[in-house]
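Q: Build me a structure from this.
(one chain, ligands or ions: 1)
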Amino acid sequence: MSQLSLLKEPKLKKLVLFVTTECNLLCHYCYLSGSDEVEYIDWHVAKQCLDLMFRQSDSFNIQFASGEPQLKIDFIEKVVGYTKGLSIRYQLQTNATLIYGKVAGNLKRLGVDEGASHDGLPEVNDSLRPFADGHGATAATISGMEKPRVAGIRVGLTCALSAENVAGLCGRFELAIYLGNVEGIAFYPLRLIGRARKDSVRQAYPTLAARSVSADLRQADELALIDGKKVRFREVERMRYLLIYGIRRRHRCYFCAGQLLMVKPHRDAYPCTSLTGFLQFYLSNVLQPGFTNEVGVNLQWCRQLITPPHCCPTCCRH
Ligand code: SF4
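A: Numbering: from 1, shown residues only. Sure, this is the predicted structure:
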């Protein structure tokens, strides 16, 4: 039996649906070039993916991302209705600027958690993440993270790490603690695709990024001592998990485990949100005949294109 055939029946655990490329912001590094060409996901595309997930498990995660998914809340309601009764965790990956009190109440009713994007101190965030008229989104984003607190919704904070914000990372934990409902913080290294290429946003220099993130973590520990509240830092949690179980399990993330399916509005599927747009990782059009049967092998194939960093011969020898 070939190694690839071992994953013919993928056990998908996470579905990321890019709901629309439309967005009310014009972030300078947007990898989708949000709003440049507006597309919406078709229900048949989503249904095909949901049915594939159902066949494998009645417990998985669905993330609504893109553009600004809040602009297509009727689609999100339809997905939640279609998956009712299953054990599913829903998450809205949003810029949070459209989360008013009533909207937060609706998300709570639907059982949808919020992942909000925010890049740091207002002067930096405002310059990187403006509205179409040029004014910064910081105030609206913070308000859109506060409203869920009142509604009792958990929020995860995500931050695109670039040369523009790497020096001012500290402050994010203070914001998280101030808000009170931020569960954790995740950093994504800037990808030089989409608008990031046109607008010349620069990637963070790795040494400086490491130093800044370390300072952030020290600050989190200090604040936890004062406040008693610990905000989780996603990458550190992953590392901790990896050190305890990962060497044996050999999975560092959903992609490594071949458990993630990500679909764009025009039906193209990829094995990970971070690999969107990279041709070598393109899976297929989800409505193409054979997609369902071949997705496991294709996910396995993509996984082998990246050498897992944790497969160090020294550590894995035992
Ligand atoms: S909020 Fe997201 S989708 Fe919208 S422009 Fe910014 S990065 Fe792009």
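Q: what about Ser200, neighbour count?
A: Residues within reach of Ser200, counting by other CB atoms under 10 Å, total 10. All C-beta spots, glycine's among them, are computed from the backbone N, C-alpha and C.
Q: whoops, Asp199 was the one
A: There are 14 residues near Asp199, going by other CB under 10 Å.
Q: do the same with Cys27
A: 24.
Q: would it count as being in a helix?
A: No - assigned with DSSP: H, G, I helix; E, B strand; the rest coil, Cys27 falls outside any helix and is coil.
Q: tell me the contacts of it?
A: The contact partners of Cys27, by CB atoms under 8 Å, 6 or more residues apart in numbering, come to Gly34, Asn95, Leu128, Arg129, Pro130, Arg195.
Q: Show the pLDDT at Leu279.
A: Confidence at Leu279, expressed as pLDDT, is 90.
Q: whoops, Leu242 was the one
A: 69.
Q: now do Pro313
A: So Pro313 comes in at 44 (pLDDT).
Q: Is the ligand within reach of stretch 36-49?
A: No - between stretch 36-49 and the ligand, judged by CB under 6 Å from any ligand atom, nothing touches; the nearest distance is 9.5 Å.
Q: Endpoints of that stretch, how far apart?
A: Across stretch 36-49, the terminal residues are separated by 26 Å (CA to CA, to the nearest Å).
Q: can you pull the contacts of the residue in the stretch 51-200 of the chain positioned nearest to the ligand?
A: Residue of the stretch 51-200 of the chain nearest the ligand, by CB to the nearest ligand atom: Asn95 (3.7 Å). Applying CB under 8 Å, 6+ apart, one finds that Asn95 lies in contact with Cys23, Asn24, Leu25, Cys27, Glu68, Ala116, Ser117, Arg129, Ala137, Thr141, Gly144.
Q: List the ones among these that fall in helices.
A: Among the contacts of Asn95, the ones falling in helices (DSSP state H) are Thr141, Gly144.
Q: and the contacts of Asn95 near the ligand, which?
A: Contacts with the ligand within the contacts of Asn95, as defined by CB under 6 Å from any ligand atom: Cys23, Leu25, Cys27, Glu68, Ser117, Arg129.
Q: Please list the residues of the protein that sit near the ligand.
A: Cys23, Leu25, Leu26, Cys27, Cys30, Leu32, Gly34, Gly67, Glu68, Asn95, Ser117, Arg129.
Q: Point out the least confident one among those residues.
A: Lowest confidence among the residues of the chain next to the ligand: Gly34, with 57.
Q: Now the two most distant members of the contacts of Asn95.
A: Cys27 and Gly144 (15.0 Å; CB to CB).
Q: Check which helices and strands the helix or strand hosting Tyr241 sits against.
A: Assigned by DSSP states H and E, Tyr241 falls within helix 234-241. If contacts are counted by 3 or more CB pairs under 8 Å, 6 or more residues apart in numbering; DSSP states H and E, helix 234-241 sits against strand 182-189.
Q: Now do the buried residues in the helix or strand just after the strand it packs on.
A: Once the chain leaves strand 182-189, the next helix or strand it forms, by DSSP H and E, is helix 195-198. Within helix 195-198, the residues scored as buried using 16 or more other CB atoms under 10 Å are Arg195, Ala196.
Q: measure the nearest residue to Thr21 once chain neighbours are set aside to Tyr188 for me?
A: When the adjacent residues along the chain are set aside, Thr21 lies closest to Gly67, with 4.5 Å between them (CB to CB, 6 or more residues apart in numbering). Distance of Gly67 to Tyr188, given as CB to CB, to the nearest Å: 16 Å.
Q: Between these two, which has more neighbouring residues?
A: Taking neighbours as other CB under 10 Å, Gly67 and Tyr188 compare with Gly67 leading, 27 against 16.
Q: So that one sits against Ser33, correct?
A: No - contact between Gly67 and Ser33 fails when scored by CB atoms under 8 Å: they sit 9.8 Å apart.
Q: next one: phi and psi at the residue nearest to Thr21?
A: phi -10, psi -160 (degrees, to the nearest 10).
Q: ok, it - contacts?
A: Here Gly67 is in contact with Phe18, Val19, Thr20, Thr21, Glu22, Cys23, Leu32, Gly34, Ser35, Val38 (criterion: CB under 8 Å, 6+ apart).
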